[in-house]
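# Give me a 3D structure for the following:
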Amino acid sequence: MTQHSGHGPVRSTAHGSVRTLDDVDQALVHALQIAPRAGWNEIGAVLGLDAVTVARRWHRLTETGAAWISCSPSPALAATGQGLLAVVEVDCASGSLLTVARALAELPHVTTVEHVSGDRDLLLTVMAPDLAALTHWVTRGIGAMQGIVATRTHLASTVYTEGSRWRLRALDRTQIARLADTGAPRTDTPVFPLTDLDHALVGALSTNGRATYRALADVCGTSPDTVRRRLGRLFGAGMFQPRCEVARPLSEWPVTVILWGRVAAGELESVSRAVTGAREVRLCAGLTGRNNVLVVAWVKSLADAQRIEVRLAQRTPNLDITDRAVALWPLKLSGHLLDERGYRIGGVPLDVRTAGASWRDPEDTP
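Residues are numbered from 1 along each chain as shown. Sure, this is the predicted structure:
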């Protein structure tokens, strides 16, 4: 696997593949979903294994693209004016879909790219520092790309749950509680302005969420002690969100379904909170627009993709599902590039700042 260099996409080549997760692999992935940066001694103690065994197991999973750990800025930053999240629908000209999708997947501020069924060809999740940068990119960046016919942009007003909170269920309550105590403790530190070092750290962690303090220091041009202190503050304030992902065919939930819905403004929060209680739900966000709720769920089959609507209707009868799609090929997930099966094949370091800067015209520069 090619190691992160700090510049440009990171590619990896898997030799062979993991086709199933045995009980130990499932327990390991679940443990890292709870405590993505915990030491192997700590993980091993909870799983009843030695550190060498769990490290070797994890190396095999990452080398084959079966599992990986990433990191992204928290939606909480939006409340302080330090970024926003948008969902962009893209319609492509005939024959250009794959070329367009791959070009978009290489952009550091486009965190997710999915080829989906239904009334749009691609669905993107995009980070931007502000509305001006997002507008600039949508109109002069993606709007000028050859092969794109039309786009529609929706802003995420509130994110009620997202992928870092999704879990396998391989551990018991005692193990979960022990692992929860090993993670970076949340503090009362309020969200604070991000520095250039912070952006560099999240970029490096986005492609390797378990990178050591020494490796991060080398990439970011600082000392390991500085990295350790800074990450302690960032994780403590909930500004960075590490997450452990698993290739979808190995999760027993291989089908991604995307639902758009509408609910009365006064009931948006209560309905969205109820939606997040469904095990299948990976993302629930409030949107600005005619459809004000977006739900992304992992389900077991295409038939189950229809049943999830029934289950959500039972939970939230006031939610009117107005549109739906199935992800045919998620090309990129939280900065990581995936093959047609859903296995990781590389990564693009995240950088929210590139949404405006990469497309800025010379005459726009003061």
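
# Please enumerate the strands of the stretch 51-200 of the chain.
Using DSSP state E, counting those that start in this stretch, the strands of the stretch 51-200 of the chain run over 67-73, 84-92, 110-116, 122-128, 148-161.

# Single out the most deeply packed of these.
Each of the strands of the stretch 51-200 of the chain was scored by mean neighbour count; the highest is strand 67-73, a mean of 25, by mean count of other CB atoms under 10 Å. Every C-beta, even on glycine, is put in place using the N, C-alpha and C of the backbone.

# tell me how far that one is from the chain's mean position?
Relative to its parent chain, strand 67-73 has a centroid offset of 7 Å by CA atoms, centre = their mean, to the nearest Å.

# Report the angle between that strand and strand 110-116.
Strand 67-73 and strand 110-116 meet at an angle of 120 degrees, taking axes from the mean of the first three to the mean of the last three CA atoms, to 10 degrees as the criterion.

# Partner strands of strand 67-73 and their direction?
The strands beside strand 67-73 in its sheet (DSSP bridges) come out as strand 240-246 (antiparallel).

# which other helices and strands contact the next helix or strand after the strand it pairs with?
On the C-terminal side of strand 240-246, the closest following helix or strand by DSSP states H and E is strand 255-262. Applying 3 or more CB pairs under 8 Å, 6 or more residues apart in numbering; DSSP states H and E, we find strand 255-262 packed against strand 110-116, strand 293-299, helix 302-315, strand 320-333.

# Let me have these in JSON lines, adding mean pLDDT as columns.
As requested, the helices and strands packed on strand 255-262 are exported to JSON lines (pLDDT from 0 to 100):
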{"stretch": "strand 110-116", "mean pLDDT": "97"}
{"stretch": "strand 293-299", "mean pLDDT": "96"}
{"stretch": "helix 302-315", "mean pLDDT": "92"}
{"stretch": "strand 320-333", "mean pLDDT": "96"}
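
# can the ones you listed go into CSV with extra columns for distance to Ala200?
Shown next, in CSV, are the helices and strands packed on strand 255-262 (distance: least, CB to CB, whole Å):
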stretch, distance to Ala200
strand 110-116, 17
strand 293-299, 29
helix 302-315, 39
strand 320-333, 21
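
# Out of the strands of the stretch 51-200 of the chain, which gets nearest to Gly236?
Closest of the strands of the stretch 51-200 of the chain to Gly236 is strand 67-73, at 14.5 Å (criterion: CB to CB).

# Need the per-residue pLDDT for Leu234.
As predicted, Leu234 sits at a pLDDT of 94.

# My guess is it contacts Arg228. True?
No. The criterion here is CB atoms under 8 Å, and Leu234 misses it with Arg228 at 11.0 Å.

# Give me the more crowded residue out of the two.
The neighbour comparison of Leu234 against Arg228 (other CB atoms under 10 Å) goes to Leu234, with 23 against 12.

# could I get the strands of the stretch 51-200 of the chain as CSV with distance to Arg169?
Converted to CSV, these look like this (distance: least, CB to CB, whole Å):
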stretch, distance to Arg169
strand 67-73, 16
strand 84-92, 28
strand 110-116, 24
strand 122-128, 26
strand 148-161, 16
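
# of all those strands, which lies closest to Leu179?
Nearest to Leu179, of all those, is strand 67-73, at 14.3 Å by CB to CB.

# got the contact list for Leu84?
Taking CB atoms under 8 Å, 6 or more residues apart in numbering, we find Leu84 in contact with Ala78, Met127, Ala128, Pro129, Asp130, Leu131, Leu134, Leu155, Ala156.

# try it again with 10 Å
By CB atoms under 10 Å, 6 or more residues apart in numbering, the contact list for Leu84 reads 75, 77-78, 126-131, 133-134, 155-157, 352, 355.

# Equivalent analysis for Thr153, please.
So Thr153 contacts 86-89, 124, 126, 134-135, 137-139, 142, 288-289 (CB under 10 Å, 6+ apart).

# any idea which residue sits dead centre in the protein?
Centroid-nearest residue in the chain, with CA atoms, centre = their mean: Ser334, separated by 3.1 Å.

# shouldn't that residue be in contact with Leu205?
No. Ser334 is beyond contact range of Leu205, at 11.3 Å (criterion: CB atoms under 10 Å).

# What does Ala237 show for phi and psi?
Per-residue torsions, Ala237: phi -90, psi 0 (degrees, to the nearest 10).

# Tell me the spacing between it and Leu77.
Distance, Ala237 to Leu77, using CB to CB, to the nearest Å: 10 Å.

# Next, show the common contact partners of these two.
Residues touching both Ala237 and Leu77 (CB under 10 Å, 6+ apart): Val191.

# More neighbours: those two, which one.
A side-by-side neighbour count of Ala237 and Leu77, using other CB under 10 Å, places Leu77 first with 22 against 18.

# Name the nearest residue to that one, ignoring sequence neighbours.
Excluding its sequence neighbours, the residue lying closest to Leu77 (CB to CB, 6 or more residues apart in numbering) is Gly83, at 4.7 Å.

# Against Val159, how distant is that neighbour?
Here the criterion is CB to CB. By it, Gly83 lies 12 Å from Val159.

# For stretch 205-219, which residues meet the burial criterion?
Neighbour-count burial for stretch 205-219 flags 205-211, 213, 215-219 (criterion: 16 or more other CB atoms under 10 Å).
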